[in-house]
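> sequence plus the predicted model coming up.
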Amino acid sequence: MTEAVTIWHNPACGTSRNTLAMIRAAGVEPTVVEYLKAPPSRDELAKAFAAAELTPREAARAKETLFAELGLGDPSVTGDAILDAMLKHPILINRPFVFTSRGVRLCRPSEVVLEILPAPLAGDFTKEDV
């Protein structure tokens, strides 16, 4: 039986593409959720962040222009407010998140996925230059 692996993926993101390629190089075909097309619910976000031991602020894509435009960098903005913004604008969710029975990780850099993969990479792996 193959272990279930899920990735919240953005195909436009090199780190996300590299992480997906690493999962596949370990012999696993994951469930790929393009979170910009099928955004997670508030509960799914909160559970993912808790499992990865991240706050909403730590899981936000702070480099996204919209993050600054919405004033989310202000330390007085609550985690709940950041979650609300992510629900309204999924581009603010950092990526990729990977889910396995071994845990949940925000895979930045992509090598973080190696901590939770069910098997090692098969042979040499070369990352895409991002």
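Now that the structure is in, tell me what you want to look at. Numbering: from 1, shown residues only.
> next helix or strand past the lowest-mean-pLDDT helix or strand in the chain?
Least confident helix or strand, the chain: helix 14-25 with a mean of 94, by mean pLDDT, DSSP states H and E. Per DSSP states H and E, the first helix or strand lying C-terminal to helix 14-25 is strand 31-34.
> and that following strand, average pLDDT?
Throughout strand 31-34, pLDDT has a mean value of 97.
> same for it, what does it pack against?
strand 6-9 (3 or more Cβ pairs under 8 Å, 6 or more residues apart in numbering; DSSP states H and E). (C-beta placed from N, C-alpha, C; glycine too.)
> pLDDT weak spots in this structure?
The chain contains residues with pLDDT under 70 at 1-2, 122-130.
> this structure: helices as residue ranges?
14-25, 42-51, 56-59, 65-69, 79-88 (DSSP state H).
> is it possible to export those to CSV including mean neighbour count and distance to P96?
Shown next, in CSV, are the helices of the chain (neighbours: other Cβ atoms under 10 Å; distance: least, Cβ to Cβ, whole Å):
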stretch, mean neighbour count, distance to P96
helix 14-25, 20, 4
helix 42-51, 16, 11
helix 56-59, 19, 12
helix 65-69, 13, 18
helix 79-88, 17, 15
